[in-house]
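Engineer: predicted model follows, preceded by the sequence.
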Amino acid sequence: MKYFNSKLLSFKEAQQKMQEQLIPVSDYLELSLFQALGRITAQPIFSPSNKPSFDNSAMDGYAVRMNDITINRVMPIAGTIFAGIPFTGKWPNGSVLRIMTGAKIPTTCNVVVMQEHIEHCNNGIVITQPVYVGQNIRRMGEEIKINSKVLSSGTRLGIAELSLLASLGIKKIHVLRKLRVAILSIGNELQTLGKSLLEGKIYDINRFTLMFMLNQLGCEVIDLGIVEDNMQDLCEAFNTGNSVADVVITSGGVSVGEMDFTKKILENLGTIILWKLAIKPGKPFLFGQLKNSLFCGLPGNTVSATVTFYHLVQPMLLRLMGQTDRIYPLRQKARAIDFLKKSPGRLEFQRGILSCAKDGVLEVSSTGLQDSHIFSSFVIGDCFIVLECERGNVYPGEWVEIEYFNNLFRR
């Protein structure tokens, strides 16, 4: 069954059609915090305690009762309070207690005077600066209150999130299972890494690149290897992927050549939802459904495959994995340094290098040749220059939109 039309779809139309097909995974498991880096929360997480769990000093200084203070009057030191050791002695009126950062505040204390605002005398200290109630005191629950929501479901767990949970004493959490993604490369010309190249062959870089990007996203990768341009072998590979994975991703064989069988096989085994987009690179991107799996057919050229994965497949996978935030990259304006060649008609993702001009303005230069085989542009560059569909050539000094590379490319 065919649901696509012959007209080139816009990038936004393609995104919308893909999102309409997505049902995120719901199976979950319990993991310790040490195992949960990069995983997605399966349910909201609520705090089991206040943070801080008690009133404590924000700095080294002196615990004081506001009613005892008279500026420039000597106040004796009645004792010292260390972090982790609450004060249990007597605290006479008119005196102060030496207190360390993080130490528990005595019940009647309502001011901590920082040590830079006192002068030492033989019999105690003199407060030399005005103070106010609550100064330098961290109040119980001022950051997080008990039973309040700390993280929403669908949150990707990074170092910051996991460290916050650890600070609350949370040891184990429920996370969604990993998304299973089967990958294969298509083409008679492809050869695996580690062997001397035969005449007319090229190394299979696409599958290698996909493995890295999928691992970085936190997917479970199922490698189906290289499949030659053979209808029977490709059908078997597609069926294998459909039986073991949530998503099947191929590279190559999606154009209109005599040996490009991917579209025809997907028509026979499943449903084509979209094919051919008004983007560059990546025009022949193919998306559809097999019986049990979603299907993404990437172009064979390495840059085209990488760009379409980054901008179309990546957000799809994040949704399927259950992630609800930070799906799409932020864009901002930058001033072009170079002439950028562009013909109207397709949205272009050129690779660029960001810098800051003397006037403080963000500027972007081209990585050089933008052909779909120049993969080194991802090493040289640090952003995409996003040029609108209707736009033509860009001249130095004009404003363009850029997207910083995310963690798939950043070092």
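Structural biologist: All right, it came through fine.
Engineer: was I right to think Arg335 contacts Gly360?
Structural biologist: No: the pair Arg335 and Gly360 fails to qualify as a contact (C-beta atoms under 8 Å) at a distance of 11.1 Å. For glycine as for every other residue, the C-beta is placed from the backbone atoms N, C-alpha and C.
Engineer: tell me which of these two has more neighbours.
Structural biologist: Arg335 (16 against 6; other C-beta atoms under 10 Å).
Engineer: any idea which helix or strand carries the more buried one?
Structural biologist: Element membership of Arg335 [criterion: DSSP states H and E] is strand 332-336.
Engineer: equivalent analysis for Phe208, please.
Structural biologist: Assigned by DSSP H and E, Phe208 belongs to helix 205-217.
Engineer: can you tell me what sits against that helix?
Structural biologist: With contacts defined as C-beta atoms under 8 Å, 6 or more residues apart in numbering, helix 205-217 is touched by 181, 183-185, 193, 221, 223, 225-226, 249, 251-252, 298, 300, 302, 305-306, 309-310, 314, 317-318, 321, 375, 407-408.
Engineer: next helix or strand past that helix?
Structural biologist: Proceeding C-terminally, helix 205-217 gives way to strand 220-227 as the next helix or strand, assigned by DSSP H and E.
Engineer: for that next one, packing partners?
Structural biologist: strand 180-186, helix 205-217, helix 231-244 (3 or more C-beta pairs under 8 Å, 6 or more residues apart in numbering; DSSP states H and E).
Engineer: what's the offset of whatever helix or strand comes next after the shortest one from the middle of its chain?
Structural biologist: Helices and strands here follow DSSP H and E; after strand 180-186, the next one along the chain is strand 190-191. For strand 190-191, the gap between its own C-alpha mean and the chain's C-alpha mean amounts to 32 Å (C-alpha atoms, centre = their mean, to the nearest Å).
Engineer: got it, and stretch 22-29?
Structural biologist: Using C-alpha atoms, centre = their mean, we find the averaged C-alpha position of stretch 22-29 to lie 19 Å away from the chain's own average C-alpha position.
Engineer: just stretch 261-270 next, same as before
Structural biologist: On the basis of C-alpha atoms, centre = their mean, stretch 261-270 sits 33 Å off its chain's mean C-alpha point.
Engineer: now the helices: where do they sit in the stretch 1-150 of the chain?
Structural biologist: Assigned by DSSP state H, counting those that start in this stretch, the helices in the stretch 1-150 of the chain fall at 11-19.
Engineer: just the strands in it please.
Structural biologist: Read by DSSP state E, counting those that start in this stretch, the stretch 1-150 of the chain holds these strands, from start to end of the chain: 28-32, 45-46, 56-57, 61-64, 74-75, 77-81, 96-99, 111-114, 118-121, 124-127, 137-138, 149-151.
Engineer: for the helices and strands packed on strand 220-227, give me TSV that also has distance to Ile265, mean neighbour count and mean pLDDT.
Structural biologist: Compiled in TSV, the helices and strands packed on strand 220-227 are given as follows (distance: least, C-beta to C-beta, whole Å; neighbours: other C-beta atoms under 10 Å; pLDDT from 0 to 100):
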stretch	distance to Ile265	mean neighbour count	mean pLDDT
strand 180-186	10	25	97
helix 205-217	18	19	95
helix 231-244	6	16	96
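Engineer: mind checking which of those is nearest Glu390?
Structural biologist: Closest to Glu390 of these is helix 205-217 (C-beta to C-beta; 30.3 Å).
Engineer: pretty sure Lys342 contacts Glu390?
Structural biologist: No: in this structure, Lys342 sits apart from Glu390 without contact. The criterion is C-beta under 8 Å, and the distance is 10.2 Å.
Engineer: thanks a lot, catch you later.
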